[in-house]
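Visitor: take a look and give me a structure for this.
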Amino acid sequence: MLAALLMLAGGGVAQGQDAGPPYPPVLSGKALVFPQDLGAHPDYRTEWWYITGWLRDAAGVERGFQLTFFRVRTRIGEDNPSRFAPRQLVLAHAAVADPATGRLRHAERSGRAYPGLVEALEGRTAVRVDDWLLEGGDSAQAAYRSRIEADDFGFTLDFAVDRAPVLNGREGYSQKAPDPLNASYYYSRPQLAVSGTLRLDGTTVAVSGHAWLDHEWSSEILPEGARGWDWIGINLADGGGLMAFRMRDHDGRAIWAAATTSARDGSIRIHPPGEVGFKPLRHWRSPRTGIEYPVEWAVTIADRRYRLRPLMDDQELDSRASTGAIYWEGAVRLYEVEEGAEVGDEAGPELGRGYLEMTGYAERLRM
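Guide: Residues are numbered from 1 along each chain as shown. Purely as a prediction, here's the structure:
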């Protein structure tokens, strides 16, 4: 969701630069146009394509995976005609949540944009950092494919599309704080059917499953008073989708929240802040960093109550080598809380699977 803002966490490559025209604002009422908006928007400060999902192999073993490509306009060297000027940066994170390992396998890449090697193209989804890539989206119904190769894991996956993009917020204008200037353009692609191969160490297996894609772009940074956020993207068993997030202050209170529920038939319902609630139920402390994260949640969307549980507790992602941030990003199951039950009671039937992202639990993101 908002993960691309993490690229500015170490002080920000883009802050304080005066070269070139300013970043364009995100404005309500601007219509998203496909397939053009499936591609890059290089004038904006940050942009990200974020795919998460669950995979199952032939033996029935289930794992989570995450792949994110970030684009950053640095405003450095914009008057320099050299192809090596760092006007745009592209970064990528990939991870596999493997219960057999008990923690995330994670790798990252980054580089300045250079045609054919490191790039984020306009007009369709085509982002790459060397041999890592995500591409497709030549039309609103076109499939995607990805390829990632790291030391101890890799995957080559295809993502089939069966519906139009889901526009979050007001027709794709997604407000992040009480001030409407804090916003992004944001759409989701739930229920992507996944097929391909997954390599763990020296073993490659065929896998299938379902995934979720988010694409956002913005010129804003973390809202004043916000410490971090909690976000979920869930593929529902009935073919629908649920996206919800909240921005938290330093005391853990929500300063803004929103959600989108979508159905298999393409109908969408937008939920304002008053209809969205997140309540931590159980915490886990990282043995490596000492950071404590809420790994089970009670989530309320309008009149529906849910419970989130992780595939495994240790899904902490340490990206201090690139973005300077430590956060929790992992596979979760969504359960129904039955009528009359308390939030701490045993949950009801499983309703869906997806991903939970939590930032700002170590310290406020420095942006």
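Visitor: just the CA trace of stretch 170-187, in CSV.
Guide: This file holds the C-alpha atoms of stretch 170-187, laid out as CSV (Å, rounded to 0.1, in the frame of the first residue of the first chain):
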residue,chain,number,x,y,z
ARG,A,170,-13.1,8.8,-4.5
GLU,A,171,-12.6,7.2,-7.9
GLY,A,172,-9.0,6.5,-7.2
TYR,A,173,-8.2,9.6,-5.1
SER,A,174,-7.2,8.0,-1.7
GLN,A,175,-7.0,10.5,1.2
LYS,A,176,-4.5,9.6,3.9
ALA,A,177,-5.1,12.3,6.5
PRO,A,178,-7.6,15.0,7.5
ASP,A,179,-5.8,17.4,5.2
PRO,A,180,-6.9,16.4,1.7
LEU,A,181,-3.4,17.3,0.4
ASN,A,182,-2.2,14.1,1.9
ALA,A,183,-3.4,11.7,-0.7
SER,A,184,-2.4,9.3,-3.5
TYR,A,185,-3.8,7.9,-6.7
TYR,A,186,-4.6,4.3,-5.8
TYR,A,187,-6.1,1.3,-7.4
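Visitor: lowest-scoring secondary structure element of this protein by mean pLDDT?
Guide: strand 316-319 (a mean of 83; mean pLDDT, DSSP states H and E).
Visitor: ok, residue 238 - contacts?
Guide: When contacts are counted by Cβ atoms under 8 Å, 6 or more residues apart in numbering, residue 238 touches 263-264, 351. Backbone N, C-alpha and C define where each C-beta goes, glycine included.
Visitor: could you measure from it over to residue 304?
Guide: Distance check for residue 238 against residue 304: by Cβ to Cβ, to the nearest Å, it reads 13 Å.
Visitor: next one: residue 285
Guide: Taking Cβ to Cβ as the measure, residue 285 and residue 304 are separated by 30 Å.
Visitor: quick one: contacts for residue 360?
Guide: Contacts for residue 360 were tallied using Cβ under 8 Å, 6+ apart; they are 226-229, 248, 327.
Visitor: quick one: which of those residues is most hemmed in?
Guide: Neighbour tally across the contacts of residue 360 (other Cβ atoms under 10 Å): the maximum, 27 neighbours, falls on residue 229.
Visitor: any regions of the stretch 1-150 of the chain where pLDDT drops low?
Guide: The stretch 1-150 of the chain contains residues with pLDDT under 70 at 1-19.
Visitor: what's the local residue count around residue 83?
Guide: When neighbours are counted by other Cβ under 10 Å, residue 83 registers 10.
Visitor: hang on, it in a helix?
Guide: No. When the secondary structure is assigned by DSSP: H, G, I helix; E, B strand; the rest coil, residue 83 falls in coil instead of a helix.
Visitor: rewinding a little: which one of the contacts of residue 360 is nearest residue 164?
Guide: Within the contacts of residue 360, the smallest distance to residue 164 is 26.4 Å, found for residue 229 (Cβ to Cβ).
Visitor: isn't the closest one right up against residue 359?
Guide: Yes. Taking Cβ atoms under 8 Å as the contact criterion, residue 229 and residue 359 are neighbours in contact, 5.7 Å apart.
Visitor: which residues of the stretch 51-200 of the chain fall in strands?
Guide: Taking DSSP state E, counting those that start in this stretch as the test, the strands found in the stretch 51-200 of the chain are 62-73, 88-98, 103-112, 118-120, 125-129, 132-136, 144-149, 153-160, 166-167, 173-175, 183-200.
Visitor: beyond the least confident helix or strand of the chain, next helix or strand please.
Guide: Using DSSP states H and E, the next helix or strand after strand 316-319 towards the C-terminus is strand 325-336.
Visitor: roughly how far is that next one from the heart of the chain?
Guide: For strand 325-336, the separation from the chain centroid amounts to 11 Å (computed by Cα atoms, centre = their mean, to the nearest Å).
Visitor: stretch 22-32 now?
Guide: A distance of 21 Å separates the C-alpha centroid of stretch 22-32 from that of its chain, computed with Cα atoms, centre = their mean.
Visitor: residues of that stretch that come out buried?
Guide: When neighbours are counted by 16 or more other Cβ atoms under 10 Å, the buried residues of stretch 22-32 are found to be 23, 26, 32.
Visitor: repeat for stretch 81-91
Guide: Residues of stretch 81-91 classed as buried by neighbour count (16+ other Cβ under 10 Å): 85-91.
Visitor: and those, which is closest to residue 242?
Guide: The shortest approach to residue 242 among these belongs to residue 91, at 27.7 Å (Cβ to Cβ).
Visitor: so the closest one is in contact with residue 113, correct?
Guide: No. Judged on Cβ under 8 Å, residue 91 makes no contact with residue 113 at a distance of 10.9 Å.
Visitor: can you verify residue 274 is assigned to a helix?
Guide: Yes. When the secondary structure is assigned by three-state DSSP, residue 274 falls within a helix.
Visitor: neighbours around it, how many?
Guide: 8.
Visitor: relative to residue 167, how far out is it?
Guide: Following Cβ to Cβ, the distance that separates residue 274 from residue 167 is 21 Å.
Visitor: can you name the helix or strand that residue 209 falls in?
Guide: Here residue 209 is covered by strand 203-218, with elements defined by DSSP H and E.
Visitor: returning to that earlier point: go through the buried residues of stretch 22-32 and name the one nearest residue 43.
Guide: For those, the minimum distance to residue 43 (Cβ to Cβ) is 7.0 Å, reached by residue 23.
Visitor: which of the helices or strands spans that closest one?
Guide: Short version, using DSSP H and E: residue 23 is in no helix or strand.
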